[in-house]
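In: sequence plus predicted model, see below.
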Amino acid sequence: MKLTEHTKIRKEKFGAVVFETLTEKVFVADAVGAEILELITQRKTLPEILARLTDNYEADRQVIERDVAEFIEQLRSSKIMCS
Amino acid sequence: MGIVAQDRKPSRPAETASEGEPQAGFGGASFEDYDSPLFFAWQINSACNLGCLHCCEEAGHSLPDEMTRDQALSLCRQIVGMKIPYVAISGGEPMLCPHLFDVCEVIRGNSISLKIETNGEFIDESVARRLAGLKLRSVQISLDGATAQAHERLRVAGNWEKAVAACNNLLRHGVNTEIVFVPTQFNIHEIGELIDLAYSIGVYGVYTGKTMRIGRAAKNWDIICPSEQQYGRFFDVLQAKAARYEGKMKVYYYPYDVVEELKYRLQCPAASLLVVPNGNAKLIGPLPFVCGNLKVQSLDQVWDNYKKAWRNPRVIEFTEQVIADPRLLARSNDWIEI
């Protein structure tokens, strides 16, 4: 998984702001989204991201998998992630 | 668990694609929640080789108190330190700024997205090669017509062929190149041809919208402002061209005028700063208010001032007066410290 060339991510009090500077679109993510974005920038794979979140949160693994899949789909459809 | 990623109002709606989308109410998305700007618009100099009838900055000659090279580089380091993700440099004509490349190298050396807005008249092969080395987000060229006649009538002393050549030079060197078009009553009919020309030479996108009644445009309003009928046809053409080039070239147009923009910004100020050549930070281009000076104050302090200034009753009252009487926009460059 990789973010597009012109995407910039900045940590904020509320989570993170994602700025796709080529299309000039801005998104905000909450704290969990910010954690996933950071893992993506570290080039972690999807199983590695799921493992980290499962360790860090009490939620059911199936719920985590569903939420992460939805989040990543949002990133793809918004053209923030290119692969 | 719940993970939220929400499309938000962009930092600079005149050049963004998500205008009109609903504003979800959710924490952490107001400009006041950001520790630093998301976007930094920097008019680096006032010198310009042209005398455009619509120039919002009323550029021409250098101002005596412009930021020096050292001050500009100090500001760059603060931009880096505050993790501002995106900078746009304009002028005047930025290619006339002797320390432009020094500034660009600091910004790009720290992986900040950078756009340069220029009239293109100084971008020959060697300059295009140098710009390519910076791996910019883009270079934006002002091209105000599909013909030299229209372009040069608006851009007094301008040269349409040089502007087109600049696009070609940049594209040959792999620089992401954009065109911006300012509609007036005497060039507005050329928008369709201009978009076709842009596509034929391979630019990334064409940007346009209603002309802002500020700066020199306000003074020349009677001779440049298109009629409502002209604007109607203009937006019809833009809609058709956007559909035709969808997926091939970006055709972006902002349908609102400056008054509508101010109404919106009064409620939702942008997480951005606009800095003019002497270091003054303006609240927004169409208003005269200045919230600090980056020659004598830190960027951090100026950003704090900016956030407070938008809640200042004097700013709110004047903005409401401008909305009621757009002729007051002519005072946008008569700076008022707030």
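Out: That came through, no problem.
In: what does chain A put close to chain B?
Out: Residues of chain A lying near chain B by C-beta under 8 Å from any C-beta of the partner chain: A:6, A:8, A:10, A:12-15, A:17-19, A:21-30, A:32-33, A:36, A:53, A:57, A:59, A:63-64, A:67-68, A:70-71, A:74-75, A:78. Using the backbone N, CA and C atoms, a C-beta is placed for each residue, glycine as well.
In: ok, residue 47 - how many residues close by?
Out: Picked chain A for this. Close neighbours of A:P47, defined as other C-beta atoms under 10 Å in any protein chain shown, add up to 8.
In: please go with chain B instead
Out: So B:A47, with other C-beta under 10 Å, has 20 neighbours.
In: go ahead and confirm it touches B:M95.
Out: No. If you go by C-beta atoms under 8 Å, B:A47 and B:M95 don't touch, sitting 9.8 Å apart.
In: what does the model give the residue of chain A found nearest chain B for pLDDT?
Out: Residue nearest to chain B within chain A: A:F14 (2.3 Å; C-beta to the nearest C-beta). Per-residue confidence (pLDDT) for A:F14: 91.
In: per-residue confidence at the closest residue to B:F186 other than its chain neighbours?
Out: Spatial nearest neighbour of B:F186, excluding adjacent residues (C-beta to C-beta, 6 or more residues apart in numbering or on different chains): B:R153 at 5.9 Å. For B:R153, the pLDDT comes out at 97.
In: which SSE is B:R153 in?
Out: helix B:148-154 (DSSP states H and E).
In: helices along the chain, start to end?
Out: You didn't say which chain, so I picked chain A. Shown for chain A, the helices assigned by DSSP state H span residues A:31-41, A:46-56, A:61-77.
In: try again with chain B
Out: B:69-81, B:100-109, B:125-133, B:148-154, B:160-172, B:191-201, B:216-219, B:221-224, B:228-244, B:258-267, B:299-309, B:313-324.
In: got CSV for these, with mean neighbour count too?
Out: Shown next, in CSV, are the helices of chain B (neighbours: other C-beta atoms under 10 Å in any protein chain shown):
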stretch, mean neighbour count
helix B:69-81, 17
helix B:100-109, 18
helix B:125-133, 16
helix B:148-154, 18
helix B:160-172, 20
helix B:191-201, 18
helix B:216-219, 21
helix B:221-224, 15
helix B:228-244, 15
helix B:258-267, 17
helix B:299-309, 19
helix B:313-324, 14
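In: export those to TSV and append columns for distance to B:T118.
Out: Formatted as TSV, the helices of chain B follow (distance: least, C-beta to C-beta, whole Å):
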stretch	distance to B:T118
helix B:69-81	17
helix B:100-109	10
helix B:125-133	9
helix B:148-154	14
helix B:160-172	8
helix B:191-201	16
helix B:216-219	18
helix B:221-224	21
helix B:228-244	23
helix B:258-267	23
helix B:299-309	24
helix B:313-324	29
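In: out of the residues of chain A next to chain B, which end up buried?
Out: Buried members of the residues of chain A next to chain B, counted by 16 or more other C-beta atoms under 10 Å in any protein chain shown: A:6, A:8, A:10, A:12, A:14-15, A:17-19, A:21-30, A:32-33, A:36, A:53, A:64, A:67-68, A:71, A:74-75, A:78.
In: my guess is B:I179 contacts B:L143, does it?
Out: Yes. Applying C-beta under 8 Å, one finds B:I179 in contact with B:L143, separated by 4.7 Å.
In: so the two - more neighbours on which side?
Out: B:L143 (28 against 25).
In: retrieve the pLDDT associated with that one.
Out: pLDDT, B:L143: 98.
In: which residues touch it?
Out: Contacts for B:L143 were tallied using C-beta atoms under 8 Å, 6 or more residues apart in numbering or on different chains; they are B:G120, B:H151, B:W160, B:A163, B:V164, B:C167, B:I179, B:V180, B:F181, B:L194, B:A198.
In: rerun at 7 Å
Out: Taking C-beta atoms under 7 Å, 6 or more residues apart in numbering or on different chains, we find B:L143 in contact with B:H151, B:A163, B:V164, B:I179, B:F181, B:L194.
In: how about the stretch 101-250 of chain B: which residue is closest to chain A?
Out: B:S113 (3.8 Å).
In: count the residues that sit near that residue.
Out: With other C-beta under 10 Å as criterion, B:S113 counts 25.
In: now the residue nearest to it when sequence neighbours are not counted: how far from A:E5?
Out: Leaving aside its chain neighbours, B:S113 sits nearest to A:T21 (3.8 Å; criterion: C-beta to C-beta, 6+ apart). Plainly put, A:T21 is 9 Å away from A:E5 if you go by C-beta to C-beta, to the nearest Å.
In: check A:A34 too.
Out: A:A34 is 21 Å from A:E5, by C-beta to C-beta.
In: B:A165 now?
Out: 27 Å.
In: now do B:N278
Out: Applying C-beta to C-beta to B:N278 and A:E5 gives a distance of 34 Å.
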